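**Q** build the 3D model from these lines:
(chains A, B, C and D)
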2 protein chains.
Amino acid sequence: MVAAVLDETLRALEREGLAGLKVEAVAAAAGVNKTSVYRRWPTRNALAAAAIAEAQAHLTAPPETGTLEGDLRAVLRAVGDFLTSTAGRATLRVALGGGADELEGAVRGALEARAKAGARAVFAAAVARGEGVRVRDAEAVVFGLVGAALHRALLERRAIDARWVAGAVRRALYGVVASRGEAAGAAGGARSVGS
Amino acid sequence: MVAAVLDETLRALEREGLAGLKVEAVAAAAGVNKTSVYRRWPTRNALAAAAIAEAQAHLTAPPETGTLEGDLRAVLRAVGDFLTSTAGRATLRVALGGGADELEGAVRGALEARAKAGARAVFAAAVARGEGVRVRDAEAVVFGLVGAALHRALLERRAIDARWVAGAVRRALYGVVASRGEAAGAAGGARSVGS
DNA sequence: CCATCATTGCAACAAGTCGTTGCAATGGCA
DNA sequence: TGCCATTGCAACGACTTGTTGCAATGATGG
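**A** Next comes the predicted model:
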């Protein structure tokens, strides 16, 4: 019963957002009486928080690949999977809410902490391997990539596939300005790195 | 009366989103009877659509600066201003909605078309000037920058100031990998370009 | 100055939603 | 069997939503 309700809650959050979450509708969709839902989760926020916590618990960090470009691709693919799942879209809808709500802030904080930790880990490993990057750029690069994925998944509504991920990571690392004389070379060379 | 209601509608959309929009509350906040609102805009979506259309009508394209980096900074600053305004946040909340709604799709389409047009114009001008970029990358770069701004404004909730804009554009154009031997030089040199 | 017309305010309404409560039914466990 | 926690069910009061009829207002034109 708990699992079914939390699952339907995620589905409802994805569709309607936190403000539009209807406990009674969730209960009905889960084949349960609304009284049971109210008894276990007294408020709308408690129900939403439980559903989101459940969803986050199933997340797992991508494995190391041995190169910064590979690691970033893996991270961005994981972000893409998250952004195209019901759990992820529900989480994001709550995180992107108005701002006054306490739950929204907590979800935002959790997402940001996760991204920040991943960014530092991946860049620290790259620096240790002697790749020409600075840990100083870690957050900015990863936040930028996650932002690009947000734009693609939530605004453009296009698929976050391997091809797009590879291009985004390549642009983030090497830019798009042809540096003196080695025009397409950098892009082509970079494309052979990573998973 | 019309202006006051549409203004309050934007404020309400920013706070509560499309699903949480309460016509009666908007009317009260605008110092108007709800009947008058219902007569002019029969449905919730009609009211929201009118408010968003009003908001978009006041937008203006940033001026050309003479360099790609300067143009991109101007565009990103404009995006930042939009994302920190009531009108912008309201628009985005609607655009990022569940997906089934017709209004949401229309708003997404309008935002994307605007970004796409800006991207092509800026990159086409840069290519014409002989800067080492390809128009092919225009959309990807601008969408990536807009996405980064989304992440910063809506998830991190940090200010989109000149410093951050300059860094984001520099990274987008030149990347973060120190290309053979000119480690910090590329960043420092790039910083002197543009507005 | 008056007649006309559109706009707005107001009060009441049916229908529906929200969260609570009291009580009965169910089912696992000793 | 007796006990306990969990769930279903029906009813409730309070509130919200969108509609309607009617009166007040105010601008325009003769």
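**Q** checking residue A:64 next. Helix, strand or coil?
**A** Following DSSP: H, G, I helix; E, B strand; the rest coil, the label given to residue A:64 is coil.
**Q** closest to the centroid, which residue in chain A?
**A** residue A:79 (3.9 Å; Cα atoms, centre = their mean).
**Q** which residues are in contact with that residue?
**A** By Cβ atoms under 8 Å, 6 or more residues apart in numbering or on different chains, the contact list for residue A:79 reads A:145, A:146, A:149, A:160. Using the backbone N, CA and C atoms, a C-beta is placed for each residue, glycine as well.
**Q** could you pick out which of these are near DNA strand C?
**A** Contacts with DNA strand C are made by none of the contacts of residue A:79, judged by Cβ under 7 Å from any atom of the strand.
**Q** can I get the buried part of those residues as one PyMOL selection?
**A** Paste this into PyMOL to select the buried members of the contacts of residue A:79, with burial taken from 16 or more other Cβ atoms under 10 Å in any protein chain shown:
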select buried, chain A and resi 145+146+149+160
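**Q** residue A:104 versus residue A:93, what's the distance?
**A** Going from residue A:93 to residue A:104 by Cβ to Cβ, to the nearest Å gives 10 Å.
**Q** sorry, back to before: closest to residue B:83 out of the contacts of residue A:79?
**A** Closest approach to residue B:83 among the contacts of residue A:79 (Cβ to Cβ): residue A:146, at 15.8 Å.
**Q** so what angle separates the directions of the helix or strand encompassing the closest one and helix B:138-150?
**A** If you go by DSSP states H and E, residue A:146 is part of helix A:138-150. Using axes from the mean of the first three to the mean of the last three Cα atoms, to 10 degrees, the direction of helix A:138-150 lies 110 degrees away from that of helix B:138-150.
**Q** residue A:158: neighbour count?
**A** Around residue A:158 there are 11 other residues, counting by other Cβ atoms under 10 Å in any protein chain shown.
**Q** how many other residues sit next to the residue lying closest to it once chain neighbours are set aside?
**A** If the residues on either side of it in the chain are set aside, residue A:158 comes closest to residue A:152, at 5.5 Å by Cβ to Cβ, 6 or more residues apart in numbering or on different chains. Using other Cβ under 10 Å, residue A:152 has 22 neighbouring residues.
**Q** which SS class is residue A:152?
**A** helix.
**Q** neighbour count winner among residue A:93 and residue A:104?
**A** Between residue A:93 and residue A:104, residue A:93 has the larger neighbour count (other Cβ under 10 Å), namely 27 against 19.
**Q** in the host helix or strand of the more buried one, what's buried?
**A** Assigned by DSSP H and E, residue A:93 falls within helix A:86-95. Within helix A:86-95, the residues that count as buried by 16+ other Cβ under 10 Å are A:87, A:88, A:89, A:90, A:91, A:92, A:93, A:94, A:95.
**Q** near chain B, anything from it?
**A** Yes - against chain B, helix A:86-95 shows contacts by Cβ under 8 Å from any Cβ of the partner chain at A:92, A:93, A:95.
**Q** which residues touch that helix?
**A** A:9-11, A:13-14, A:17-18, A:48, A:51-52, A:55-56, A:58, A:81-83, A:103-104, A:107-108, A:111, A:150, A:154, B:96-98, B:155.
**Q** mean confidence score for that helix?
**A** Mean pLDDT, computed over helix A:86-95, is 95.
**Q** stretch A:144-158 now?
**A** Averaged across stretch A:144-158, the pLDDT comes to 97.
**Q** what does that stretch contact?
**A** With Cβ under 8 Å, 6+ apart, stretch A:144-158 has contacts from A:72, A:75-76, A:79-80, A:83-84, A:89, A:92, A:115, A:160, A:164, A:168-169, A:172, B:95-96, B:99, B:108, B:111-112, B:143-144, B:146-152, B:155, B:168, B:171-172.
**Q** got a PyMOL select line for the buried ones in those residues?
**A** In PyMOL, a selection of the buried entries from the contacts of stretch A:144-158 looks like this (16+ other Cβ under 10 Å):
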select buried, (chain A and resi 72+75+76+79+80+83+89+92+115+160+164+168+169+172) or (chain B and resi 95+96+108+111+112+143+144+146+147+148+149+150+151+152+155+168+171+172)
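**Q** quick check: the gap between residue A:53 and residue B:85.
**A** 33 Å.
**Q** next one: residue A:21
**A** 27 Å.
**Q** of these two, who's got more company?
**A** residue A:21 (22 against 16).
**Q** distance of that one from DNA strand D?
**A** 14 Å (Cβ to the nearest atom of the strand, to the nearest Å).
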